[in-house]
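Asker: One predicted model, sequence on top.
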Amino acid sequence: MGMWGVVFLCLSATAPAQSARSQRAQDGAVDPSAASRAGRPVVFAPVPSDHPLAGVWNDPDFARRLAGSYGFLSEAEPRLTPEEQVLFRDKIVPLLRDEPSKAIAELQAAQKPGASAVFDFTLGTVYFQTEDFTNAVKQYEQALAKFPDYRRAQRNLALSLVRSGRFSEAIRPLTRTIELGGADGKIFGLLGFAHLSEGRLVSAEGAYKQAMVYEPDSLDYQLGLVKCYIGLQQLDAAVAMLDEMIQRYPEKENLWALQANAFIQKEQPSRAIVNLEILRKLGKAEAAQLALLGDLYLMQDSRDLALEAYLASVEKDAGKTPGRGLRAAEILLSRGAHAQARGLAERVRAVGVPAGEEEWRLSKVEARVALAEGRGDEGIRILESLTQRNPLDGEALLLAGDHLARSGQSEKAAFRYDAAAKIAGFEPDAFLKLAQLKVGQQKYTEAVELLRRAQKIKPRDNVARYLEKVEQAASRARS
């Protein structure tokens, strides 16, 4: 971990006639500016910049306060005997000043039965600083077993659990820290984060509101509260708060995205589109957000604008998740936007699709577009290629059969439907399509039998009504 920028003051075991510096040492004061005077940064188990707690944890003031954990608060913490003070001052503090990990052996030796909980706490803090959170938790719990109202042991136990991702376990020591008078913005903020991580939205909301009493300008706490509002469906409150935050931080893309999601939940797609378009113009829209923008435009039947957003999504994604572009092409097809589906499929193909399921889906999209646009020979060629590669592709067989049936090639269509009827999962649709061919040929009795077989496998109301009409036609034909 390298050298730690924390300067530790020695304990004094003498009477009050000491210097102010020695008195601060006895009371546990740690000079947080000493490290900066020494030209060394104060660091304490930092988290990566993209971690959800980075804004809180890597805050320099928070780090300095954690570094101060090696000191003492005489009015709220266990005492050291005169002998323990000498040991701490003469042996342990010099090691902590040099390199905290070097103090581990001395601290372990000092943990005798009946020894002060200070040694357990200090050893826990060394482990914490060196990111050995398992042993840190163990030592803090030992300190608390000896001195249950040890406020900073409660605090550091909670912080160790939060830092190691054990949010549910951290809730109790965070709450206990507050009960013992250790409340501040960070403790309430972390309590809100822990509750939110566990899905306890009401408790998280309360904790974040308390955190903002101490730190009203904290973006992290405001974000946490917004997430609580959204989770609790208090969407007006979420939107209003995001309006204020966006005015202060217009460059924060996550704020625009969060508000867009709130607008979608409020069934206000036009307002969501505005937010996502702003993100796009800022150059900060992600591929998923651009795809969402396309969906919103398509909901408003703006096909060309939807295509533009989908194409931008495919470009942004650069082939990493081709399934997203394929899904958009399939949606366009389902809406009858054949030209737009073709354009998107061409772009997905150009960007690159790996062999496998996604390439298979793209080929089917291309076949369906070709068939829809009257390029039947091309569509059938693609579908025949798919069924040759995989004779059990029932969807390709059904698509080919549909085109052949529409073009009057009933015999060839029946052949594809019959093949699909032998594939598990495709039997009901294949029997239905075969029945429709038979009805077109006025072979009602055969159609009735096929429809009954389809209903036996997968009962459907619309097929039941169709069967009733075909049975009536068959009855009339017999009479």
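Answerer: Here it is on my side, so go on.
Asker: Now R151: phi and psi?
Answerer: R151 adopts backbone torsions of phi -60, psi -50, taken as degrees, to the nearest 10.
Asker: Which pLDDT value goes with P94?
Answerer: P94 is assigned a predicted lDDT (pLDDT) of 91.
Asker: Quick check: the gap between it and A103.
Answerer: For P94, the distance to A103 under the criterion Cβ to Cβ, to the nearest Å works out to 9 Å. Glycine gets a C-beta too; all of them are placed from N, C-alpha and C.
Asker: Between these two, which is the more surrounded one?
Answerer: More neighbours surround A103 than the other of P94 and A103, with 25 against 14 (other Cβ atoms under 10 Å).
Asker: just for the stretch 201-350 of the chain, where's the confidence low?
Answerer: Regions of the stretch 201-350 of the chain meeting the criterion pLDDT under 70 are absent.
Asker: contact partners of stretch 201-216?
Answerer: Counting by Cβ atoms under 8 Å, 6 or more residues apart in numbering, the neighbours of stretch 201-216 from elsewhere in the structure are 183-186, 188-189, 191-193, 195-196, 218, 221-222, 224-225, 228-229, 231-232.
Asker: of those residues, buried ones?
Answerer: For those, a burial check counting by 16 or more other Cβ atoms under 10 Å picks out 183-186, 188-189, 191-193, 195-196, 218, 221-222, 224-225, 228-229.
Asker: quick one: secondary structure of E267?
Answerer: Per DSSP: H, G, I helix; E, B strand; the rest coil, the local secondary structure of E267 is coil.
Asker: Going forward, count from 31.
Answerer: Taking 31 as the first residue, the last one we looked at is E297.
Asker: Next, count neighbours for it.
Answerer: For E297, the count of nearby residues is 8 (other Cβ under 10 Å).
Asker: go on, Q485?
Answerer: Applying other Cβ under 10 Å, we find 17 residues neighbouring Q485.
Asker: List the contacts of it.
Answerer: With contacts defined as Cβ under 8 Å, 6+ apart, the neighbours of Q485 are P458, V493, A494, L497.
Asker: Export these to TSV and append columns for neighbour count and pLDDT.
Answerer: As requested, these are arranged in TSV below (neighbours: other Cβ atoms under 10 Å; pLDDT from 0 to 100):
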residue	neighbour count	pLDDT
P458	19	95
V493	19	95
A494	11	95
L497	20	95
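Asker: Just the ones in helices from those, please.
Answerer: The subset of these located in helices under the criterion DSSP state H comprises P458, V493, A494, L497.
Asker: Pipe those into TSV and attach distance to G144 per row.
Answerer: Shown next, in TSV, are those (distance: Cβ to Cβ, whole Å):
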residue	distance to G144
P458	78
V493	82
A494	83
L497	87
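Asker: Roughly how far does I217 sit from F158?
Answerer: Using Cβ to Cβ, one obtains 16 Å as the distance from I217 to F158.
Asker: Spell out the residue ranges of the helices in the stretch 331-480 of the chain.
Answerer: Per DSSP state H, counting those that start in this stretch, the stretch 331-480 of the chain has helices spanning 333-347, 352-364, 368-381, 387-402, 406-419, 424-436, 440-450, 457-470, 474-487. These are given in chain order.
Asker: how about those helices in TSV, adding distance to E209?
Answerer: What follows is the helices of the stretch 331-480 of the chain, written out as TSV (distance: least, Cβ to Cβ, whole Å):
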stretch	distance to E209
helix 333-347	49
helix 352-364	49
helix 368-381	57
helix 387-402	55
helix 406-419	67
helix 424-436	62
helix 440-450	68
helix 457-470	63
helix 474-487	63
